[in-house]
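Asks: give me coordinates for this.
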Amino acid sequence: MSEIIVTPTIRIPKDELTFTYSRSRGPGGQNVNKVNSKATMRWSFLKSTQIDDYVKQRIQSRWRGRVNKVDELVIHSDAHREQPRNTEACIKKLCDIVLDSAKREKRRRKTKPSKGSIRRRLESKKIQSSKKQRRKSVNLDS
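Replies: The predicted structure is shown next:
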């Protein structure tokens, strides 16, 4: 598999991704101290020709916590004890991020509240106000 198929129109070549491996944290006994199972994936998404400018801009704005100073999307995974499973987890996270960024946001239509909703809101405000008025202490000295 030389490319990752996110959607029928978005395919990310695997040669655009760079993987590094390091020691994982957490339980695992001696295995954790010996094996480099944590996967870190970097993707220079701004240089990619496979995604359009809208998706690039959305990745940069929505996922800015995962984008480093050289505009690489950095994804880590150490959920599994095996290196290949963590690599697959990184790829799955990448697909989720690209899918989320590729969604077009619907424009909001301005609407007026209905007369019934305005009436109900004002009624509830009157009821709340009367509750607060009843809570006040009555001054009998005046």
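
Asks: does residue 42 count as helix, strand or coil?
Replies: Using DSSP: H, G, I helix; E, B strand; the rest coil, the structure places residue 42 in strand.

Asks: and it, bridged to which residues?
Replies: Counting by DSSP bridges, residue 42 forms beta bridges with residue 18, residue 74.

Asks: where along this protein do the helices fall?
Replies: Here the chain has its helices, by DSSP state H, at 30-34, 53-62, 83-102, 115-135.

Asks: in the protein, where is pLDDT below threshold?
Replies: For the chain, the stretches with pLDDT under 70 are 1, 26-33, 142.

Asks: same thing but 80
Replies: By pLDDT under 80, the weakly predicted segments of the chain are 1, 24-35, 137-142.

Asks: most packed of the helices of the chain?
Replies: Mean neighbour count (mean count of other C-beta atoms under 10 Å) peaks for helix 83-102 among those, with a mean of 17. The C-beta positions use only the backbone N, C-alpha and C, and glycine is treated the same way.

Asks: show me the contact partners of that one.
Replies: With contact meaning C-beta atoms under 8 Å, 6 or more residues apart in numbering, helix 83-102 is reached by 4, 6-7, 10, 12, 17, 19, 21, 24, 35-41, 43, 51, 54-55, 58-59, 62-63, 66, 73, 75-80.

Asks: fine by me, thanks again.
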